[in-house]
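S.K.: test case, fold it:
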Amino acid sequence: MRYLFLLTVIAISAASCSSYKNIPESTINQVIDQWHDAAARADFEDYFDLMTTDAVFIGTDATENWQLAEFRAFAKPFFDKGKAWSFTPLQRNIYTKNGVVYFDELLSTQMGICRGSGIVVMESGKARIAHYVLSIAVPNENVSSLTETKKLWEAEFIDQLKKGN
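M.R.: Model (predicted):
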């Protein structure tokens with residue numbers, strides 16, 4: 001009986017410490033909308049306060065796989081100039097599975113229509129973005145010409161990856 005009680009206490013404690021708590025959909029939408037708004041207003045502190053302390057941002061360029069400190073350093077000059085980026089959600093889907101909250105969205109941006117996807121977790125009692133991936137949406141009928149345009153750059157990039165750079 002003691003063993004069962006101890007297991008129950010451990011299970012409840014582990015569940016309550018998880019970053020993947022049930023977060024209401026309205027809160028998730030609010031966090032993502034505030035995050036996009038902070039970028040549009042070039043509010044560096046608000047923008048990065050809506051990300052976890054170990055957040056990852058993956059941009060549209062193959063070289064853009066940033067841990068939080070790297071992303072902050074990249075973004076700071078844009079925010080300092082008073083013009084970061086402006087992403088307006090066109091459509092958003094939110095999913096929760098096994099306590100993990102993730103989303104995808106279509107965005108109107110200065111690059112045209114893009115797709116963003118990410119993970120929202122609770123950190124220090126606040127819902128925050130832990131991981132975000134931004135990609136440029138390319139119509140299927142334009143993929144061949146885009147692929148041709150990228151060939152030279154990608155060949156050089158792959159060579160650098162193979163060399164460990």
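S.K.: could you measure from His164 over to Leu90?
M.R.: Actually, residue 164 is Gly rather than His. 40 Å (Cβ to Cβ, to the nearest Å). Any C-beta I mention is one placed from the backbone N, CA and C, and that applies to glycine too.
S.K.: correction: the previous question concerned Ser145.
M.R.: 24 Å.
S.K.: cool, and Glu154?
M.R.: Counting by Cβ to Cβ, the gap from Glu154 to Leu90 is 29 Å.
S.K.: got a list of what the most centrally placed residue in the chain touches?
M.R.: Nearest to the geometric centre of the chain sits Tyr132, at 1.2 Å (Cα atoms, centre = their mean). Tyr132 is in contact with 51, 55-58, 116-118, counting by Cβ atoms under 8 Å, 6 or more residues apart in numbering.
S.K.: any low-confidence regions in the chain?
M.R.: Along the chain, the model assigns pLDDT under 70 to residues 1-21, 165.
S.K.: tell me where it has helices.
M.R.: Assigned by DSSP state H, the helices in the chain fall at 2-17, 25-40, 44-49, 68-80, 143-162.
S.K.: quick one: the ones you listed as TSV, columns for distance to Phe103 too.
M.R.: Listed next are these as TSV, based on distance: least, Cβ to Cβ, whole Å:
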stretch	distance to Phe103
helix 2-17	22
helix 25-40	7
helix 44-49	17
helix 68-80	19
helix 143-162	25
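S.K.: what's opposite Gln67 in the beta bridge?
M.R.: Bridge pairing for Gln67 (DSSP bridges) gives the partners Val56.
S.K.: contact partners for it?
M.R.: By Cβ under 8 Å, 6+ apart, the neighbours of Gln67 are 54-56.
S.K.: looking at those residues, which is nearest Asp37?
M.R.: Ala55 (17.5 Å; Cβ to Cβ).
S.K.: find the nearest non-adjacent residue to that closest one, please.
M.R.: Nearest in space to Ala55, with sequence neighbours left out and distances taken as Cβ to Cβ, 6 or more residues apart in numbering, is Leu68 at 4.6 Å.
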